[in-house]
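**Q** Structure for this input, please:
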Amino acid sequence: MKTDTPIYTIDDCRIITLDKHHHPNGNLSVVEGQEDVPFDIRRVYYIYDVPGGEDRGGHAHKNLSQFIVSASGSFDVTLDDGTNRKKYVLNRPYNGLLIRPGIWRELNNFSSGAVTLVLASELFDENDYIRDYEQFKKFREKNSR
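**A** Numbering: from 1, shown residues only. Sure thing, here's the model as predicted:
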């Protein structure tokens, strides 16, 4: 079954720098759906206490977009569109990575105390996940533009 969502490449994913509001009692950055990211934010979650050497991600989404921010610490995100791979280092709370549907992602190299904030375009749906890389490649082939 072909998805209605366009098939994106890693070139459609990018770092978005958020406005920084400096104040002596602490800094503030804001993310607003359809303003700072090109989707309505339907779900927010965070990943923390990742043991040293462990990885997260290792999947793609058929229809969901994400915006990933390092709220604290640092980690690497490697994106893969089935043809090309690109690695990003997230280590600033005012920079986030926009990941479009149909892109495989792997998160690793977490610093001690890292907190990963994820804003998602959809509510959780297990059927939206592609957790096997070979199935991911088949999905890309079947739905390529």
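
**Q** helix, strand or coil for residue 23?
**A** When the structure is reduced to helix, strand and coil (DSSP: H, G, I helix; E, B strand; the rest coil), residue 23 reads as coil.

**Q** For it, give its distance to residue 31.
**A** To residue 31, residue 23 is 18 Å away according to CB to CB, to the nearest Å. To be clear about C-beta, it is placed using only N, CA and C from the backbone, and glycine gets the same treatment.

**Q** Which one's more surrounded, those two?
**A** Between residue 23 and residue 31, counted using other CB atoms under 10 Å, the more crowded position is residue 31 (18 against 7).

**Q** What does the pLDDT read for that one?
**A** According to the predicted model, the pLDDT of residue 31 comes to 97.

**Q** Which residue ranges of the protein form helices?
**A** Using DSSP state H, the helices found in the chain span residues 133-143.

**Q** Can you list the low-confidence ranges for it?
**A** By pLDDT under 70, the weakly predicted segments of the chain are 1-4, 145.

**Q** Which residue of it is positioned most peripherally relative to its centre?
**A** The outermost residue of the chain, judged by C-alpha distance from the chain's mean C-alpha position using CA atoms, centre = their mean, is residue 24 at 30.9 Å.

**Q** tell me how far stretch 63-81 is from the chain's mean position?
**A** Offset of stretch 63-81 from its chain centre (CA atoms, centre = their mean, to the nearest Å): 4 Å.

**Q** CA atoms only: put that stretch into PDB for me.
**A** Taking Å, rounded to 0.1, in the frame of the first residue of the first chain, the C-alpha atoms of stretch 63-81 are listed here in PDB:
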ATOM      1  CA  ASN A  63       3.700   9.500   8.300                       C
ATOM      2  CA  LEU A  64       5.100  11.200  11.400                       C
ATOM      3  CA  SER A  65       7.400  14.200  11.500                       C
ATOM      4  CA  GLN A  66       9.600  15.000  14.500                       C
ATOM      5  CA  PHE A  67      11.600  17.800  15.900                       C
ATOM      6  CA  ILE A  68      14.400  16.600  18.200                       C
ATOM      7  CA  VAL A  69      16.200  18.900  20.700                       C
ATOM      8  CA  SER A  70      19.000  18.300  23.100                       C
ATOM      9  CA  ALA A  71      17.400  19.900  26.200                       C
ATOM     10  CA  SER A  72      20.600  19.000  28.100                       C
ATOM     11  CA  GLY A  73      23.900  17.400  27.200                       C
ATOM     12  CA  SER A  74      24.600  16.000  23.800                       C
ATOM     13  CA  PHE A  75      24.000  13.100  21.500                       C
ATOM     14  CA  ASP A  76      24.400  12.200  17.800                       C
ATOM     15  CA  VAL A  77      21.500  11.600  15.300                       C
ATOM     16  CA  THR A  78      22.300   9.700  12.100                       C
ATOM     17  CA  LEU A  79      19.600  10.000   9.400                       C
ATOM     18  CA  ASP A  80      19.300   7.600   6.500                       C
ATOM     19  CA  ASP A  81      17.000   7.900   3.500                       C
END
